[in-house]
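Student: Whatever this is, show me its structure:
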Amino acid sequence: MLLRTLLQFARPSRANYQLARLVAAWRSRLRRAQIALSVFVVIVLAVSNSYARQKQLPAVRWTAGAPGCTFERGDDGRYRWTMTGKDLTVTLLVDSQELTKSRRRFYHLLGAYVSVTYTGQGKFEFPADVRVDFVHHHDVREGYMDPTELSLKLQNDLDTLVFETERQIKKNPAVTEEKTAHLREYEKNAAEFMEFLSTQSLEPVTQTLNPGNPDSHGWVFFATSNRWIGPWKEREDFVISLWMKDQIWEFPFSLPPTPGDLILRKPPD
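Tutor: Numbering: from 1, shown residues only. Reported below is the predicted structural model:
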């Protein structure tokens, strides 16, 4: 009788067993949460350290009237900002009507032309890292799009349009002429833009500049599809920056540079 009583007290009750399971599950979840938190902290610290290293880079900023800084309104309808350093000259070219043209371009891309010239006797590693800051749109910063990836995206969208057009014509033959004309116009514009990207873009790879190969130049296109970037205002402020190995070259500019500014294009000969 005494032995049976002792065994009853020693045997865990059903409630105690369930409580033990809950405690074990809680401890397991706590361990997983601690591991996830540790991983998160490591990632945040890595990103913070990387950002801090980038912020520590000295910046060379284009300033109107400063030595080595010039601005020109060309008769080709483009603005040019040039900044010259000891062994390097950088020119930023933007069309005076870029705000309007960007809304008519595929994906509403913002375009600019960058030219870098090395005048030293050694060599200079140009990373081709160009970024834009949309000042009045939450200071969103974007790197320029890889021209090869951009062409592939456009080709995929073109293929999708061809398939959709064929489907609509098959469903309603009465729209054949209208849909075919639209498709041909899209194909023409897409082919021209892809050709432009393949021949006129700045390649997103590090380039070694030297006396025998002193120049790097090409067009860069920035996405404006970020949800924080809304419609253009009448006058927009940007900062295009070239991130070099040891410093940042910054070009703050507005479109148009002054309120109401307009370039009268010289007619072709």
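Student: For Lys86, grab the count of nearby residues.
Tutor: Each residue near Lys86 was counted by other Cβ atoms under 10 Å, and the total is 7. To be clear about C-beta, it is placed using only N, CA and C from the backbone, and glycine gets the same treatment.
Student: you'd agree it is in a helix?
Tutor: No: secondary structure of Lys86, determined by DSSP: H, G, I helix; E, B strand; the rest coil: coil, with no helix assignment.
Student: If we ignore the residues flanking it in sequence, what's nearest it?
Tutor: Distances taken as Cβ to Cβ, 6 or more residues apart in numbering put Gly120 closest to Lys86, at 7.8 Å, once the chain neighbours are dropped.
Student: Helix or strand: which one has Glu164?
Tutor: helix 147-171 (DSSP states H and E).
Student: Which residues does that helix contact?
Tutor: 106-107, 175-176, 179-180, 182-183, 186-187, 190, 193-194, 197-198, 201, 203-204, 221 (Cβ atoms under 8 Å, 6 or more residues apart in numbering).
Student: let's see 7 Å
Tutor: With contacts defined as Cβ atoms under 7 Å, 6 or more residues apart in numbering, helix 147-171 is touched by 106, 175-176, 179, 183, 186-187, 190, 193-194, 197-198, 201, 221.
Student: buried stuff in the helix or strand just after that helix?
Tutor: Where DSSP H and E defines the elements, the next helix or strand beyond helix 147-171 is helix 176-200. For helix 176-200, the neighbour count (16 or more other Cβ atoms under 10 Å) marks 179, 183, 186, 190, 193-194, 197 as buried.
Student: Over to stretch 120-140?
Tutor: Applying 16+ other Cβ under 10 Å to stretch 120-140 flags 124, 126, 128, 130-134, 137, 140 as buried.
Student: got the end-to-end distance for it?
Tutor: 35 Å (Cα to Cα, to the nearest Å).
Student: what's the closest non-adjacent residue to Ser201?
Tutor: Pro147 (3.7 Å).
Student: Tell me how far the nearest residue to Ile248 once chain neighbours are set aside lies from Pro252.
Tutor: Nearest residue to Ile248 in three dimensions, chain neighbours excluded: Ala59, at 4.5 Å (Cβ to Cβ, 6+ apart). Separation of Ala59 from Pro252 (Cβ to Cβ, to the nearest Å): 11 Å.
Student: Which strand residues bridge Ser115?
Tutor: Beta-bridge pairing for Ser115 (DSSP bridges): Thr91, His217.
Student: rewinding a little: neighbour count winner among Ala59 and Pro252?
Tutor: Set side by side, Ala59 and Pro252 show more neighbours around Pro252, with 16 against 11, by other Cβ under 10 Å.
Student: Name the helix or strand for the nearest residue to the more buried one once chain neighbours are set aside, please.
Tutor: Nearest residue to Pro252 in three dimensions, chain neighbours excluded: Val239, at 4.7 Å (Cβ to Cβ, 6+ apart). Using DSSP H and E, Val239 falls within strand 236-243.
Student: The helix or strand just after that strand pairs with which strands?
Tutor: The first helix or strand that comes after strand 236-243 along the chain, using DSSP H and E, is strand 248-255. Using DSSP bridges, strand 248-255 pairs in its sheet with strand 59-61 (parallel), strand 236-243 (antiparallel).
Student: Quick one: closest of these to Thr100.
Tutor: Between Thr100 and those, the shortest separation by Cβ to Cβ is 11.5 Å, and it involves strand 236-243.
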